[in-house]
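Asks: Sequence first, then the predicted structure:
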Amino acid sequence: MSLLFSAGVGRTGAFIALDCLLDQADAEGVVDVFAITSQMRKDRVNMIQTVVSIQCAVVSGAKCLA
């Protein structure tokens, strides 16, 4: 029997942030990284754990939009 313990906040948070950023870019033509990550952390503590997670989402979003 195997058990997997994961809070679903590290890479998952970066992926969710990327999705939110792309949705916002499509709807509004701009992105507010601070507002999105702040709201995510408000909704679920530690959702975006590191600056690297934020950078990953922003760089990936920029590449998708280019």
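Replies: Cool, got the structure. Numbering: from 1, shown residues only.
Asks: what sits against G61?
Replies: 18, 21-22, 25, 31 (C-beta atoms under 8 Å, 6 or more residues apart in numbering). Using the backbone N, CA and C atoms, a C-beta is placed for each residue, glycine as well.
Asks: from those residues, which ones fall inside helices?
Replies: Counting by DSSP state H, the contacts of G61 place 18, 21-22, 25 in helices.
Asks: Only the buried residues of the host helix or strand of V58, if you could.
Replies: Under the criterion of DSSP states H and E, V58 resides in helix 51-65. For helix 51-65, burial by neighbour count (16 or more other C-beta atoms under 10 Å) applies to 53-54, 56-58, 60-61.
Asks: V45: how many residues sit nearby?
Replies: 9 (other C-beta atoms under 10 Å).
Asks: for it, helix, strand, or coil?
Replies: coil (DSSP: H, G, I helix; E, B strand; the rest coil).
Asks: ok, it to V59 distance?
Replies: With distances taken as C-beta to C-beta, to the nearest Å, V45 is found 25 Å from V59.
Asks: C56: what's it in contact with?
Replies: 14, 18.
Asks: Let me fix that, I meant to ask about V58.
Replies: Contacts of V58 by C-beta under 8 Å, 6+ apart are 21, 33.
Asks: go again using 10 Å as the cut-off
Replies: 14, 17-18, 21, 31, 33, 37 (C-beta atoms under 10 Å, 6 or more residues apart in numbering).
Asks: I48 too?
Replies: 9-10, 12-14, 16-17, 33, 36-38, 40-41, 54, 56-57.
Asks: so what's the backbone phi/psi at it?
Replies: When read as degrees, to the nearest 10, the backbone of I48 gives phi -110, psi 110.
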